[in-house]
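Novice: what's the 3D shape of this:
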Amino acid sequence: MDFIRYAEAAAALLNADLAEVDGLAAYLDDRPRLRERASDRDCMLLRKLQRELRPVFEDGEVGDVAAVVDGLNGLLARHPMVPQISDHDARLHLHVGTGSSSVAEQLTGESLLGLSTLVCDLGADRLGVCQSAPCTNAFVDASPNRSRRYCSDRCASRVNVAAYRARRRAAVVDAVVDTGHAESYTG
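Specialist: A predicted model of the protein is given here:
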């Protein structure tokens, strides 16, 4: 079980549109066995998990370790799981849940175990919320220096372009004011 991958998948699950089974199927695109079993009930249970997980990422963003730990411990207590060793793919690794577990139970277990292990190994401050307004996507910061602030390259680029344009506008305004031609500036 790759805990960072499961933690990142938990952030992606939190960001997924689960209003319909099609949204869950899209999230499970690379997991055909789970995708074919996805149901409306799984969507309903996972939407509830999304509401419960959001505060954990928000608390991680502001560095509230105690709140992250309390939040994850509460979720772990409400969602007990059964880890099992599997040998498919020619290697031993852990799975959470059994073949009889629902899709929601399996994804919940993977998410909670992945996030809990990540927090214990790397710290609660590795959970974040995108700082590019109006985006509110959650993310896991697996960078070596804990420097991630955005959920994606797209959001980071949008913020950087906006900052560049603002600096450029300010420079033009300053130049216009300095030359005394403010009345000719069209902005």
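
Novice: remind me which residues of the chain are low pLDDT?
Specialist: Along the chain, the parts satisfying pLDDT under 70 run over 1, 97-99, 159, 162-163, 171-178, 180-187.

Novice: which residues in it form strands?
Specialist: 83-86, 93-96, 127-129, 138-140 (DSSP state E).

Novice: TSV for those, including distance to Gly23 and mean neighbour count?
Specialist: For glycine as for every other residue, the C-beta is placed from the backbone atoms N, C-alpha and C. Listed next are the strands of the chain as TSV, based on distance: least, C-beta to C-beta, whole Å; neighbours: other C-beta atoms under 10 Å:
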stretch	distance to Gly23	mean neighbour count
strand 83-86	27	11
strand 93-96	22	16
strand 127-129	20	24
strand 138-140	16	24
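
Novice: closest one to Arg149 among these?
Specialist: Evaluated with C-beta to C-beta, these place strand 127-129 nearest to Arg149, the distance being 7.2 Å.

Novice: which residues touch that closest one?
Specialist: Strand 127-129 has contacts (C-beta atoms under 8 Å, 6 or more residues apart in numbering) with 11, 56-61, 68, 115, 118-119, 136-141, 148-149.

Novice: Just the buried subset of those residues, please.
Specialist: The neighbour count (16 or more other C-beta atoms under 10 Å) marks 11, 56-61, 68, 115, 118-119, 137-141, 148 as buried among these.

Novice: Could you break this protein into its assigned domains?
Specialist: Here the domain parsing of the chain from automatic domain parsing is 3-145, 152-187.
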